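[1] need a 3D model of the sequence below.
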Amino acid sequence: MAATVREAIRELMEQTMATMDAVLQASDRELAMPSSHGCAQGKDVWTLITNDIDHEKIHTAQVLEARYESRMTASPMERLVAEWLAERARFIGSLIGLTDEQFNRDTAPGQWTYRVVAKHVLAVEQDSLKTMAADHLARAAGGDPSR
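    Below is the predicted model:
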């Protein structure tokens with residue numbers, strides 16, 4: 001594991017992509033197949049993967065409790081980024097399982113396609129970041145970014 005928090009987060013994010021790719025390559029039928037991994041508890045792939053999910057939840061609680069007990073509360077900006085990241089994961093999760101054809105179909109008759117929705121989410125985010133950077137520069141130069 002990386003020695004810095006930022007590097008560790010990057011490593012976890014990269015592994016998330018690799019894990020998602022590996023799991024999505026498996027078929028639904030494989031979930032019922034026996035697994036030789038100890039965490040499958042002598043059961044199937046479904047048990048193995050759900051155990052991994054539960055395992056991560058347990059350790060998330062461990063980190064949150066340790067931070068609470070140590071009074072290492074996240075700053076407002078850190079909390080905001082953490083909540084945004086969780087929401088991004090939910091959005092990505094809502095796209096998982098769509099075929100490319102479905103991704104390019106309307107979400108409802110006459111509505112945006114799933115792809116357009118995803119593009120919109122990114123465009124709004126990028127515009128917000130661009131505005132934040134411009135406002136920051138304006139304040140640093142002594143200007144009023146609200147004008």
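
[2] where's the residue most central in space within the chain relative to N104, distance?
    Closest residue to the average C-alpha location of the chain: A89 at 2.9 Å, with C-alpha atoms, centre = their mean. A89 sits 23 Å away from N104, going by C-beta to C-beta, to the nearest Å. The C-beta positions use only the backbone N, C-alpha and C, and glycine is treated the same way.

[3] if I look at A74, how far off is V63?
    The value you get for A74 to V63, if C-beta to C-beta is used, is 11 Å.

[4] with D144 instead?
    41 Å.

[5] cool, M33 as well?
    In terms of C-beta to C-beta, M33 sits 33 Å off from V63.

[6] any low-confidence regions in the chain?
    147 (pLDDT under 70).

[7] ranges for the helices of it?
    5-25, 45-69, 76-95, 100-103, 114-140 (DSSP state H).

[8] looking at those, which is closest to G38?
    Comparing the helices of the chain against G38 with C-beta to C-beta, the closest turns out to be helix 45-69 (9.2 Å).

[9] list the contacts of the closest one.
    23, 26, 30-35, 37, 39-41, 72-74 (C-beta atoms under 8 Å, 6 or more residues apart in numbering).

[10] quickly list what T113 is bridged to.
    D106 (DSSP bridges).

[11] and it, what does it touch?
    F103, N104, R105, D106, T107.
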